[in-house]
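Chemist: Coordinates for the following, if possible.
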Amino acid sequence: MKISICIPMYNEILTVGSTAEALKNEMERYCRESKNECEIIFSCDGSTDGSYDAVPIGIYGDKLFPVEIKRVRSEINHGKGAAVRRAVAASTGDIVMYTDCDLAYGTAPIPEAIKTLISEDCDILLGSRRIHPDGYKGYTAMRKAASKIYISILTAFAGFKLSDSQCGFKVFRGDCARSLFADCICDGWAFDFEALALAEKKRCVLREFPVSIVNHRESRVNIVRDSLKMISEILRIKKRIKKYGD
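Modeler: You can find the predicted model right below:
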């Protein structure tokens, strides 16, 4: 079995090296123990700080169960959704996942999430901070409240029953991921919603998986401005998805 880990990035020169090293070490251990192989795909979305060139491409680990680090890029910054789509399209794994370049949830959940996806016999496994007892550990009270309000607003407009649709840790069966993202067009932050809305339309089986924040950095979300922007994008996506397959 092959695992594909997709890492969208934009101007991540300060994190790309340590992230590649942490993922390589974690997946070398995992591949040796599980007799699987892995590819880690960094998707550079128009970075201007040298992030793309800093990706340590190569094949590492056991020759029979290797870990390969790859990179894909766009010269123009389109958005996180576009970066994830690009990486997923380049993936070849039986299981495809994506997480952020700052490894906000660390690397430890990866092997357990793969095991859970297989044992639960589901198509998509969604990370959720809200079902983990320490999901928001280290957040200030204000940031924790803002995050939950933001997610609640989006969930209400999206019509999902999911607890944390915007969590940046998601795992898919490979064919499911490539099929879903091939039909997605959203470049911005609403890309998660678009993919999940399509997944429901295609009757994919979704489950949630508890994750907690272990690496913190300043949030880029403005709860008022970004909520309004996301709601507008969600309404447009819902209109498009409603016609999907008709």
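Chemist: for G79, phi and psi?
Modeler: phi 140, psi 170 (degrees, to the nearest 10).
Chemist: contacting residues around the spatially closest residue to it that is not a sequence neighbour?
Modeler: Leaving aside its sequence neighbours, G79 sits nearest to D187 (CB to CB, 6 or more residues apart in numbering; 3.7 Å). To be clear about C-beta, it is placed using only N, CA and C from the backbone, and glycine gets the same treatment. For D187, the contacting residues are H78, G79, K80, G81, A82, by CB atoms under 8 Å, 6 or more residues apart in numbering.
Chemist: Going by neighbour count, which of those residues comes out on top?
Modeler: G81 (24 neighbours; other CB atoms under 10 Å).
Chemist: measure it to G188 for me?
Modeler: Between G81 and G188 the computed distance is 6 Å (CB to CB, to the nearest Å).
Chemist: repeat for R173
Modeler: From R173 to G188 the distance is 25 Å (CB to CB).
Chemist: Between those two, point out the one with more neighbours.
Modeler: A side-by-side neighbour count of R173 and G188, using other CB under 10 Å, places R173 first with 21 against 15.
Chemist: The residue lying closest to that one once chain neighbours are set aside: how many residues sit nearby?
Modeler: Using CB to CB, 6+ apart and skipping residues adjacent in sequence, the residue nearest R173 is D123, 5.2 Å away. Neighbours of D123 under the rule other CB under 10 Å: 21.
Chemist: any low-confidence regions in the protein?
Modeler: Along the chain, the parts satisfying pLDDT under 70 run over 135-136, 138-160, 216-227, 244-246.
Chemist: Check it and tell me which residue is nearest its centre.
Modeler: Y98 (3.1 Å; CA atoms, centre = their mean).
Chemist: Can you spell out which residues form a bridge with that residue?
Modeler: C6, K170 (DSSP bridges).
Chemist: That one contacts I5, doesn't it?
Modeler: Yes. Proximity of Y98 to I5 meets the contact threshold set by CB atoms under 8 Å, at 7.4 Å.
Chemist: list the residues that contact both of the two?
Modeler: By CB under 8 Å, 6+ apart, no residue touches both Y98 and I5.
Chemist: Mind checking what secondary structure K70 has?
Modeler: strand (DSSP: H, G, I helix; E, B strand; the rest coil).
Chemist: Apart from its chain neighbours, what residue comes closest to it?
Modeler: I41 (4.9 Å).
Chemist: For R207, list the residues it contacts.
Modeler: R207 touches T116, L117, E120, C122, I124, L125, L126, counting by CB under 8 Å, 6+ apart.
Chemist: Report how many residues lie close to the third one.
Modeler: When you say that, I think you mean E120. Neighbours of E120 using other CB under 10 Å come to 13.
Chemist: go on, the fourth one?
Modeler: The number of residues packed near C122 is 20, by other CB under 10 Å.
Chemist: so it touches V205, yeah?
Modeler: Yes. The pair C122 and V205 passes the contact test of CB under 8 Å, sitting 4.3 Å apart.
Chemist: Quick one: the helices in this structure, in order.
Modeler: For the chain, the helices defined by DSSP state H cover 16-34, 51-54, 80-90, 109-119, 141-158, 174-182, 191-201, 223-243.
Chemist: Pull out the buried residues from the shortest one.
Modeler: Within helix 51-54, the residues that qualify as buried are S51, Y52, A54, counting by 16 or more other CB atoms under 10 Å.
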